[in-house]
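In: Got a predicted model here, sequence first, then my questions.
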Amino acid sequence: VADFLQNGHDGPAGVQVADLLARALSETRRFDVVRIPSGTAGAVELGRLREPRNRPGWLVEGGVRGIRVMGSDSVGMQGLGFGRARGVNRLLRGTPGNLARGSSFAVDGWLRVHDANDGRMLGQRNFQGWTIGLHPNYWYGGGPVGQVLDASVLDERHGATRLVLDMLPLEGRIVSASAGHTAVVDVGSARTVTQGERFVVLPPEGGDPIAILRARR
């Protein structure tokens, strides 16, 4: 996972999203996750990780775009971007609580996944995250910027983690099977599977598919 760009440049929001994405992917227990910098330094590190080519690997890159402040009580706050969290805090600390409670934040971004061995692109998708209202006390600490960036990675339907997992093959092992065409498959973590997802069953030694299963639960 390389540092994400922030409005096309290096920045703390891009690093935060990439760090959180790397941690979320690692917690699935499907991958050995390595964080690398973007740009030339990242290309050098990726070259080192490619040797030897004895197992599959993928490069995840991406970027985050500007944060949008939304809500009927947010007049005059449109267009606030990264790097201005202090200004946002100063603006709202002296305002009535209903202003913060009536404000929501949204952020979107993009990501792409390449095969780390041959450079082939597996796909490119857009991810999203948003908040739904904020209590005034939440403006301290990580604040709304941190909250919406976390959502952009962890949202179960539109977050970056979900989209990366959707683009990568999910491998598992059949633990047991019955004559009723039902099998129990171990993929390391149930969080990585969605209901109805298709699994193609291959013999241990490789070869043509012998069955297709769909996740029931």
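Out: Noted; the coordinates are in hand. Residues are numbered from 1 along each chain as shown.

In: which stretches of this protein have low pLDDT?
Out: Scanning the chain for pLDDT under 70 picks out 50-55, 69-103, 132-144, 190-192.

In: ok, which stretches of it are helices?
Out: 12-27, 39-49, 85-93, 97-101, 143-154, 160-167 (DSSP state H).

In: so how far is the second one from its chain's centroid?
Out: Read it as helix 39-49. With CA atoms, centre = their mean, to the nearest Å as the basis, helix 39-49 stands 21 Å off its chain's centre.

In: about what we covered before: quick one, which of the helices of the chain is nearest to Arg198?
Out: Judged by CB to CB, the one of the helices of the chain that comes nearest to Arg198 is helix 160-167, at 12.0 Å. Glycine gets a C-beta too; all of them are placed from N, C-alpha and C.

In: what's in contact with that closest one?
Out: 17, 21, 24-25, 28, 60, 62, 109, 111, 113, 122-123, 125, 127, 152-156, 192 (CB atoms under 8 Å, 6 or more residues apart in numbering).

In: one step back: adding mean neighbour count, write the helices of the chain out as a markdown table.
Out: Listed next are the helices of the chain as a markdown table, based on neighbours: other CB atoms under 10 Å:
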| stretch | mean neighbour count |
| --- | --- |
| helix 12-27 | 20 |
| helix 39-49 | 12 |
| helix 85-93 | 14 |
| helix 97-101 | 15 |
| helix 143-154 | 21 |
| helix 160-167 | 21 |
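
In: Let me have those in a markdown table, extended by distance to Gly207.
Out: Shown next, in a markdown table, are the helices of the chain (distance: least, CB to CB, whole Å):
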| stretch | distance to Gly207 |
| --- | --- |
| helix 12-27 | 30 |
| helix 39-49 | 30 |
| helix 85-93 | 55 |
| helix 97-101 | 59 |
| helix 143-154 | 38 |
| helix 160-167 | 25 |
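
In: what's the closest of those to Val1?
Out: Of all the helices of the chain, helix 12-27 comes closest under CB to CB, at 4.3 Å.

In: The closest one packs against which elements?
Out: Secondary-structure packing of helix 12-27 (3 or more CB pairs under 8 Å, 6 or more residues apart in numbering; DSSP states H and E): strand 5-6, strand 58-64, helix 143-154, helix 160-167.

In: And for this structure, the residue most distant from the center?
Out: Ala179 (38.3 Å; CA atoms, centre = their mean).

In: what distance separates the strand ranked longest in the chain from the centre of its chain?
Out: Among the elements of the chain assigned as strand by DSSP state E, the one spanning the most residues is strand 104-115. Taking CA atoms, centre = their mean, one finds strand 104-115 lying 7 Å from the centre of the chain it belongs to.

In: likewise stretch 168-179?
Out: On CA atoms, centre = their mean, the centre of stretch 168-179 falls 25 Å from that of its chain.

In: Just the buried positions in it, please.
Out: For stretch 168-179, the neighbour count (16 or more other CB atoms under 10 Å) marks Leu168, Leu170, Gly172 as buried.

In: next one: stretch 116-129
Out: Per 16+ other CB under 10 Å, stretch 116-129 contains these buried residues: Ala116, Arg125, Phe127, Gln128, Gly129.

In: Could you pull up the residues touching Gly123?
Out: Contacts for Gly123 (CB under 8 Å, 6+ apart) come out as Arg112, Val113, Met167.

In: change it to 6 Å
Out: Val113, Met167 (CB atoms under 6 Å, 6 or more residues apart in numbering).
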